[in-house]
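# next come a sequence and a model predicted from it.
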Amino acid sequence: MDFGFTEEQQEVQNLARKILTDQVTPERLAKYDEYQELRFDRSLWAQLAEAGLLGVAINEQYGGMGFGYTELALFIEETGRSIAPVPAISHLVSAALPIQKFGSEEQKECLLPAAVNGELLLTAALMEANNEDPAKPQLSRAVADGDGFILSGSKTCVPFAEQADRVLLSAATDKGVVVLLLDPRAQGVTLQPLKVSTYEPQYQVLLDNVVVAASDVLVNVEQGAAAMVWITERTIAALCAHQTGISDQSMRMTASYASERKQFGVPIATFQAVGHRAANCFIDVECLKLNTYQAISRLNSEIDATTEVMIAKIWAGDVGHRVSYASQHLHGGMGIDRDYPLWRYCLSARHNEMMLGSSASQLAALGQRIAAGEAFCS
Amino acid sequence: MKVEFTPEQAALRTELRAYFDKLMTPELQAESAETMGEGGGPLWMEALRQMGRDGWIGVGWDKELGGRGMSPIEQFIFVEEVMRAGYSFPFLTTEAVGPQLAAVGNAWQKKEIVPKILAGECLVGIGYSEAAAGTDLAALKTTAVKEGDEWVINGQKMWTSLVHFCDYVWLAVRTDPDAPKKHKGLSMFLVPTDDPGFSYTPVETLGGVRTNATYYDNIRLSEKHLVGELHGGWKLITGQLNSERLSLVNVGPTSQFFNAAVQWAQQTELPAGGKVIDQPWVQMNLAKIRAGVEALKLIVYKQAWAMTQGQLEMADASAAKVYGSEFFIEVYRLMGEIVGQASMINADSEHGQVLQARIERLYRTASIITFGGGANEIQRDIISAAGLWMPRASR
């Protein structure tokens, strides 16, 4: 039982925090508001690649740092703390990590070094309309075509689909779930841009008899569903880490603001009603952080973490919601003023809350596990 | 970072679970039920001494103090397991007073009292609150006045729990009435409960748990009963309270009770068919408890780990206390909802009890710790000041 960070982990945190604090300023973030520009800071991405952070959990033989999931998640937490305009989770966690885990040697050599140095962008299509379980695709079907597949159906809310070189997705076949690496420029793929409150580039991906070559099959029908569970749990834990960074930063911004903002001649922080709401945020953030770290630690050790990931996501949804609104409220008008940075944190927290299972849906799923006798306290 | 037990810690827990399965005989359980879970009966006393003889009470203590030399994490595992087993463990004595005596006590306290505490042969009650000094504890009026070589103690305390079977009271008194700040004039004494000047009257509470009002009438004590520095009592009070706050929100009993409730709901048939647990709202209530228990577990483990690093943060101890105490209340409500009206059938009932009527009793006792051990409002003040560096209004 060790809640401390190793030297390497602290180095990753400090390196990421240094680059992100320097580069992600409110002025730069403002460029992406209302989709004035594509919300992807490519020069920042290049710096992160230069620093080695895009390869933090990729083996050294593919150009990475060779650390584990824990270090990757700590990096993701920092991208949340700064709400960096980069596709860190979709590229690193939902796509590069599974390629390293499940890919053929050829796929790894072809994709990972370029993903690590930033030349190649990966993403994952984990959402279908009204279906939040990527291990059970309902709206995407694949039919075997030699060693490849013909793919039809649709995915939604796919981040960076147009900018990516490959989109990891799951599809149902007659024999089970298959995991494919889709070329979004292939014939039969239609990308419909969405407009969302975080201004993240997202797309509906329509698939009409798209030919996926054998070389782009990541996991075949025997192991596809299990691989998607593996990918989903790591993506959810990364969302929780991102949410931890966001919530911690929102709370600290709020504490500073309340310590300086004066009314009735005194800092508003000296009113117990204000201090106590901030204290509630402190407790909430601690609960989120610890449950997230536990999920991360177990995933890093490759031991069963299904219950722990669910619980972390329940906290990520609840804490993100509560801290976001408490921060806005204690800031008064400043919390919603677009010239002050807080509002972007609130929207990003909402994104993490809603993605891959809200608190309510995760509670229901956890309840089913409890009923099945799979989630007793140890 | 590795948020998992080491194999040795996991093995220790397994060993302790088997140990307490044996120790908690039906007779001891029956005696505990009679004393409303506060202990003090002859079998309870003997079981405590047994734990002492078997080296468990000081498992995480240094060897030179008579412990087994493991870390605070192993100490936590022990306390979690003893409380999980349903034994009313006197954690105020062993986890709060004991370590303070070991840290700042004089030769008599270290050589006589500490070993007895680790042997399960000495119990200490906490004497802080008074009728007019609760949350504003530093306003307390009980005094110790030096006369010759002796300290003469006079005053009254409230809520002195367990004192009817304790050997000493860990008593906060005013030794410097002229101190410019009232918390700078306090000192700590170990007052023997067999002194003729000591007396108490019982106070019955909503939960059926007994506590006491205690009276100190010209009790004359030698210097060896003073703990730590003269006028240095406040530091001991706050340090003790940090440890107490952690122990108050022990996760063991709730984990065990959650598991028992799940099994009950899995096995219990609904008259219209199916099992209690088949109902989606029951699953939802259980899931809320499960997610909350996990957070509490991690909060206390993190603090046990922080103690191994010598960096227990005041804000974290207060956060644990606020979260845990308010979560317990929520747990007993969510559990009560699952069982329905039968959750109010009490332990004296000859018929109809569900889950040994534990929800009925826990519901009545749960409110104690949102204000006991330092009111949650004060804890939230500490969190915003010490955890978030927010300025505080002067009081």
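Yes, it's here. Numbering: from 1, shown residues only, chains lettered A, B, ... in the order given.
# list the contacts of the helix or strand bottoming out on mean pLDDT in chain A.
Ranked by mean pLDDT, DSSP states H and E, the weakest helix or strand in chain A is helix A:26-30, scoring a mean of 94. Here helix A:26-30 makes contact (Cβ atoms under 8 Å, 6 or more residues apart in numbering or on different chains) with A:41, A:83, A:85, A:341, A:344. Bear in mind the C-beta positions are built from the backbone N, C-alpha and C, glycine included.
# looking at the residues you listed, which is nearest B:Lys111?
For the contacts of helix A:26-30, the residue nearest B:Lys111 by Cβ to Cβ is A:Ile83; the value is 58.9 Å.
# tell me where the stretch 151-300 of chain A has helices.
With DSSP state H, counting those that start in this stretch applied, the stretch 151-300 of chain A shows helices at A:224-260, A:272-300, listed in chain order.
# sorry, back to before: would you turn the contacts of helix A:26-30 into a markdown table with secondary structure, distance to chain B and pLDDT?
Converted to a markdown table, those look like this (DSSP: H, G, I helix; E, B strand; the rest coil; distance: Cβ to the nearest Cβ, whole Å; pLDDT from 0 to 100):
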| residue | secondary structure | distance to chain B | pLDDT |
| --- | --- | --- | --- |
| A:Asp41 | coil | 29 | 97 |
| A:Ile83 | coil | 20 | 97 |
| A:Pro85 | coil | 28 | 98 |
| A:Pro341 | coil | 18 | 93 |
| A:Arg344 | helix | 21 | 96 |
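# can you give me the buried ones in the following helix or strand past the least confident helix or strand of chain A?
Following helix A:26-30 in sequence order, the next helix or strand is helix A:42-50 (DSSP states H and E). Within helix A:42-50, the residues scored as buried using 16 or more other Cβ atoms under 10 Å in any protein chain shown are A:44-45, A:47-49.
# which residues sit against the lowest-mean-pLDDT helix or strand in chain B?
In chain B, the helix or strand scored least confidently by mean pLDDT, DSSP H and E is helix B:233-248, which has a mean of 84. Here helix B:233-248 makes contact (Cβ under 8 Å, 6+ apart) with B:79, B:91-92, B:95-97, B:99-100, B:104, B:126, B:128, B:137-138, B:170, B:172-173, B:175, B:183-184, B:186-188, B:227-228, B:300, B:303, B:312, B:314, B:317-318, B:320-321, B:324-325, B:369, B:372-374, B:379.
# buried subset of these as a ChimeraX selection?
In ChimeraX, a selection of the buried entries from those looks like this (16+ other Cβ under 10 Å):
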select /B:79,91,92,95,96,97,99,100,104,126,128,137,138,170,172,173,175,183,186,187,188,227,228,300,303,312,314,317,318,320,321,324,325,369,372,373,374,379
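# mind checking which of the contacts of helix B:233-248 land in helices?
B:79, B:91, B:99-100, B:104, B:300, B:303, B:314, B:317-318, B:320-321, B:324-325, B:369, B:379 (DSSP state H).
# can you tell me the helix or strand for the residue of the stretch 251-395 of chain B at minimum distance from chain A?
The minimum distance from the stretch 251-395 of chain B to chain A, using Cβ to the nearest Cβ, falls at B:Gln283 (2.8 Å). Here B:Gln283, judged by DSSP H and E, is contained in helix B:280-308.
# helices or strands next to that helix in the packing?
helix A:272-300, helix A:306-331, helix A:359-371, helix B:72-84, helix B:252-267, helix B:314-339 (3 or more Cβ pairs under 8 Å, 6 or more residues apart in numbering or on different chains; DSSP states H and E).
# any idea which of those helices gets closest to A:Val189?
The nearest among those, by Cβ to Cβ, is helix A:359-371 at 29.0 Å.
# name the residues that touch the closest one?
By Cβ under 8 Å, 6+ apart, helix A:359-371 touches A:132, A:306-307, A:310-311, A:313-314, A:317-318, A:321, A:353, A:357, A:375-376, B:262, B:265-266, B:277-278, B:280, B:282-284, B:286-288, B:290-291.
# how about it as PDB, C-alpha atoms only?
Taking Å, rounded to 0.1, in the frame of the first residue of the first chain, the C-alpha atoms of helix A:359-371 are listed here in PDB:
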ATOM      1  CA  SER A 359     -22.800   8.100 -12.600                       C
ATOM      2  CA  ALA A 360     -26.300   6.700 -12.800                       C
ATOM      3  CA  SER A 361     -25.500   4.100 -15.400                       C
ATOM      4  CA  GLN A 362     -22.400   3.100 -13.600                       C
ATOM      5  CA  LEU A 363     -24.300   2.700 -10.400                       C
ATOM      6  CA  ALA A 364     -26.800   0.500 -12.100                       C
ATOM      7  CA  ALA A 365     -24.000  -1.600 -13.600                       C
ATOM      8  CA  LEU A 366     -22.300  -1.800 -10.200                       C
ATOM      9  CA  GLY A 367     -25.600  -2.800  -8.600                       C
ATOM     10  CA  GLN A 368     -25.900  -5.700 -11.100                       C
ATOM     11  CA  ARG A 369     -22.400  -6.800 -10.200                       C
ATOM     12  CA  ILE A 370     -23.300  -6.700  -6.500                       C
ATOM     13  CA  ALA A 371     -26.500  -8.700  -7.100                       C
END
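# now that helix and helix B:280-308, what's the angle there?
Counting by axes from the mean of the first three to the mean of the last three Cα atoms, to 10 degrees, helix A:359-371 lies at 90 degrees to helix B:280-308.
# buried residues, helix A:359-371. List them.
A:359, A:361-367, A:369-371.
# enumerate the residues of the stretch 151-300 of chain A near chain B.
Contact residues, the stretch 151-300 of chain A versus chain B (Cβ under 8 Å from any Cβ of the partner chain): A:251-252, A:255, A:258-259, A:266-267, A:269-272, A:275-276, A:278-280, A:282-283, A:286-287, A:290-291, A:293-294, A:296-298.
# quick check: the gap between A:Thr123 and B:Ser394.
54 Å (Cβ to Cβ, to the nearest Å).
# of those two, who's got more company?
It is A:Thr123, of A:Thr123 and B:Ser394, that has more neighbours when counted by other Cβ atoms under 10 Å in any protein chain shown, with 27 against 5.
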